[in-house]
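# build the 3D model from these lines:
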Amino acid sequence: MRLFRLLLLKRILVIGLLSVASGKEEHLSFRAVPVAATAIHSGVPWYDQHHQAVSARGAGLIQEGNRFYLFGEFKRDHGNAFVGFSCYSSADLATWIFESIALPVQPEGPLGPDRVGERPKVMKNPRTGEFVMFMHTDNAAYKDQAVGYATSPSITGPYTFHGPLLFAGQPVKKWDMGVFQDDDGSGYLITHSGNLYALSDDYKSVARQLVKDMTPHCEAPAIFKREGLYYWLGSGLTAWERNDNHYFTAISLAGPWQDRGLFAPQGTLTWNSQTTFVLPVTGSETTTYLFLGDRWAHPRQNSAATYVWQPLQFDADGRLSLPEFHQSWNLDTRTGRWAPVSLRGKLLNIPPAEGWTPHTDAAGVTDLRSKVKGATLTLPFTGTQVAIHGVARSDGGFGEIQIKDHTGKVVLTSIVETYCLYPEASLKFLSPRLPPGDYTLTVTVLGERFFWQAKRAAYGSSDDFVSVQKILLVD
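Numbering: from 1, shown residues only. Below you'll find the predicted structure:
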């Protein structure tokens, strides 16, 4: 495995954006400049029309007409309490418009204050025309789990919460969940540990259970169908840590389901992500099956957690794979075809900085690193967009990125994460496009790391290092 990871590092050049540390109520101080997005960038944040970071964790994606609608958990850093489910729309899956908080915190009940709401998924009921949202509801201790549902006549909401989804008069007491809509409009609920339920005609209750406890170790489930074969994806049980996700196939939803193993190379941890949804994007020429994954960054789930969206690939026998990681790629929603793209620009000289030292790892990858809290690296630049490459490792932590204009006014503040169980060279920050001008970029070590607490033990990074490998002035 060690040899594989060394080879893997030489093979991976992950180019990614970094999440902006902002919530819905915060706004960038510079004037918004329209940017024509040309690619889906994985492992990085996306910005809406207000240059706010798209916040939609545990997401689901639905196409209605010629637009795509993304629903997810609107997060805040340093806390997991439910603050609402967000809705964004896009015509090209690369340029996102914030539409609404489709379902806000309720005055009381399962989605009331200090409760947990996760993994929202929306389907349009073909019989009633209503949009039905499903979600995991829970208390802060994750001891009151249930699947809830809400409805709206409009896809963007607001959605009316109706409480738990009932099966034989009782709530479905599960947590990680997803949904699937078959070709005939039938709706299905999927949950952790391999459970599959057929919904009623109006999607507002469970009619029957088709599959029970198909696999004991499966979270974040997703099902899709291709050429008459059903695919069931899920992750292992490692809490916020990424792992090698696996999949099953069947010719009938009722099974039997065949374990097909991993769909990304072993040791890549599904390219550092966890399955959340798969959407077929059908065009005039072909269909691309779009894998949606989360790259969690606990406890900074708003400012540093990002998304991994990849084009799934299939062989002649229907075997599923993500053999390579495409950091930036284009999906033509008209034709259904996809192609990788590259981020281009001019390399800038990185000046010496106190507290930052050169480092070369076992794979021969060199970067500047620091774990000194408050240590800064400062670089002036002239242009409209800047990017920072770094190396994520098992001892990586969080750093703050700040950009000031020529007057010294702060125009952007973001957080970068440089943690991964194996060395991963990637783009760690890409600013939105700024008005042309002179700017100063500063990277500051926060002295924080990716971690979570469970059963009296701490998990995650072993240290607080922040890495800078190169800085690019983007064309």
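
# going by C-alpha atoms from here, please, whenever you check contacts or count neighbours.
Will do.

# list the buried ones in stretch 274-285?
Residues of stretch 274-285 classed as buried: 274-282 (neighbour count, 16 or more other CA atoms under 10 Å).

# and what of stretch 413-425?
By 16+ other CA under 10 Å, the buried positions in stretch 413-425 come out as 413-425.

# okay if I get those as JSON lines plus secondary structure and pLDDT?
Converted to JSON lines, the buried residues of stretch 413-425 look like this (DSSP: H, G, I helix; E, B strand; the rest coil; pLDDT from 0 to 100):
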{"residue": "T413", "secondary structure": "strand", "pLDDT": "87"}
{"residue": "S414", "secondary structure": "strand", "pLDDT": "86"}
{"residue": "I415", "secondary structure": "strand", "pLDDT": "89"}
{"residue": "V416", "secondary structure": "strand", "pLDDT": "87"}
{"residue": "E417", "secondary structure": "strand", "pLDDT": "91"}
{"residue": "T418", "secondary structure": "coil", "pLDDT": "92"}
{"residue": "Y419", "secondary structure": "strand", "pLDDT": "94"}
{"residue": "C420", "secondary structure": "coil", "pLDDT": "94"}
{"residue": "L421", "secondary structure": "coil", "pLDDT": "94"}
{"residue": "Y422", "secondary structure": "coil", "pLDDT": "92"}
{"residue": "P423", "secondary structure": "coil", "pLDDT": "92"}
{"residue": "E424", "secondary structure": "strand", "pLDDT": "91"}
{"residue": "A425", "secondary structure": "strand", "pLDDT": "91"}
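
# dump those into TSV; add distance to T287 as well.
Shown next, in TSV, are the buried residues of stretch 413-425 (distance: CA to CA, whole Å):
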residue	distance to T287
T413	38
S414	36
I415	36
V416	34
E417	34
T418	34
Y419	34
C420	32
L421	33
Y422	33
P423	33
E424	30
A425	31
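
# now for these: which two are most distant?
T413 and Y422 (27.5 Å; CA to CA).

# strands of the stretch 351-475 of the chain, start to end?
Here the stretch 351-475 of the chain has its strands, by DSSP state E, counting those that start in this stretch, at 357-360, 366-370, 376-383, 386-392, 397-405, 410-417, 424-430, 437-449, 451-454, 457-460, 466-468, 470-474.

# report the beta-bridge partners for T360.
Note on T360: beta-bridge partners by DSSP bridges are T366.

# ok, now how distant is it from L368?
9 Å (CA to CA, to the nearest Å).

# one more: W175?
41 Å.

# how about L347?
15 Å.

# in the stretch 51-200 of the chain, where is pLDDT below threshold?
Judged against pLDDT under 70, the stretch 51-200 of the chain has no low-scoring part.

# could the strands of the stretch 351-475 of the chain go into JSON lines alongside distance to T215?
Shown next, in JSON lines, are the strands of the stretch 351-475 of the chain (distance: least, CA to CA, whole Å):
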{"stretch": "strand 357-360", "distance to T215": "42"}
{"stretch": "strand 366-370", "distance to T215": "42"}
{"stretch": "strand 376-383", "distance to T215": "48"}
{"stretch": "strand 386-392", "distance to T215": "32"}
{"stretch": "strand 397-405", "distance to T215": "34"}
{"stretch": "strand 410-417", "distance to T215": "33"}
{"stretch": "strand 424-430", "distance to T215": "31"}
{"stretch": "strand 437-449", "distance to T215": "33"}
{"stretch": "strand 451-454", "distance to T215": "23"}
{"stretch": "strand 457-460", "distance to T215": "25"}
{"stretch": "strand 466-468", "distance to T215": "38"}
{"stretch": "strand 470-474", "distance to T215": "44"}
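
# what about the helices in the stretch 251-400 of the chain?
Here the stretch 251-400 of the chain has its helices, by DSSP state H, counting those that start in this stretch, at 269-272.

# then the stretch 1-150 of the chain?
Under DSSP H, counting those that start in this stretch, the stretch 1-150 of the chain gives helices at 2-11.

# all strands of it, in order?
So, for the stretch 1-150 of the chain - with DSSP E, counting those that start in this stretch - the strands run 40-41, 57-64, 67-73, 85-90, 97-103, 116-124, 131-138, 146-152.

# put together JSON lines for these, with mean neighbour count and distance to N245 on each row.
What follows is the strands of the stretch 1-150 of the chain, written out as JSON lines (neighbours: other CA atoms under 10 Å; distance: least, CA to CA, whole Å):
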{"stretch": "strand 40-41", "mean neighbour count": "26", "distance to N245": "21"}
{"stretch": "strand 57-64", "mean neighbour count": "22", "distance to N245": "15"}
{"stretch": "strand 67-73", "mean neighbour count": "23", "distance to N245": "20"}
{"stretch": "strand 85-90", "mean neighbour count": "24", "distance to N245": "25"}
{"stretch": "strand 97-103", "mean neighbour count": "20", "distance to N245": "30"}
{"stretch": "strand 116-124", "mean neighbour count": "26", "distance to N245": "17"}
{"stretch": "strand 131-138", "mean neighbour count": "26", "distance to N245": "21"}
{"stretch": "strand 146-152", "mean neighbour count": "24", "distance to N245": "23"}
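
# tabulate those (a markdown table), appending distance to Q258.
Conversion of those to a markdown table gives the following (distance: least, CA to CA, whole Å):
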| stretch | distance to Q258 |
| --- | --- |
| strand 40-41 | 32 |
| strand 57-64 | 25 |
| strand 67-73 | 30 |
| strand 85-90 | 34 |
| strand 97-103 | 37 |
| strand 116-124 | 25 |
| strand 131-138 | 27 |
| strand 146-152 | 26 |
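
# which of the ones you listed sits closest to T238?
Here strand 57-64 is closest among those (CA to CA), at 15.7 Å.

# mind saving the C-alpha coords of the closest one as CSV?
The C-alpha coordinates for strand 57-64 follow below in CSV (Å, rounded to 0.1, in the frame of the first residue of the first chain):
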residue,chain,number,x,y,z
ARG,A,57,-23.6,19.5,2.0
GLY,A,58,-25.1,16.0,1.8
ALA,A,59,-26.7,17.2,-1.4
GLY,A,60,-29.2,16.0,-3.9
LEU,A,61,-29.6,17.2,-7.5
ILE,A,62,-32.7,17.3,-9.6
GLN,A,63,-33.4,18.5,-13.2
GLU,A,64,-36.5,20.5,-13.9
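
# what pairs with it, parallel or antiparallel?
Partner strands and pairing direction for strand 57-64 (DSSP bridges) are strand 67-73 (antiparallel).

# tell me what angle the partner strand forms with strand 97-103.
50 degrees (axes from the mean of the first three to the mean of the last three CA atoms, to 10 degrees).

# what angle sits between strand 67-73 and strand 85-90?
Using the same axes, to 10 degrees: strand 67-73 against strand 85-90 is 160 degrees.

# contacts for strand 67-73?
55-63, 82-93, 117-122 (CA atoms under 8 Å, 6 or more residues apart in numbering).

# swap in stretch 265-280?
Against stretch 265-280 from outside (CA under 8 Å, 6+ apart): 1, 5, 58-62, 119, 178, 220-224, 233-235, 242-245, 263-264, 287-296, 307-308, 322-323, 325, 420, 422.
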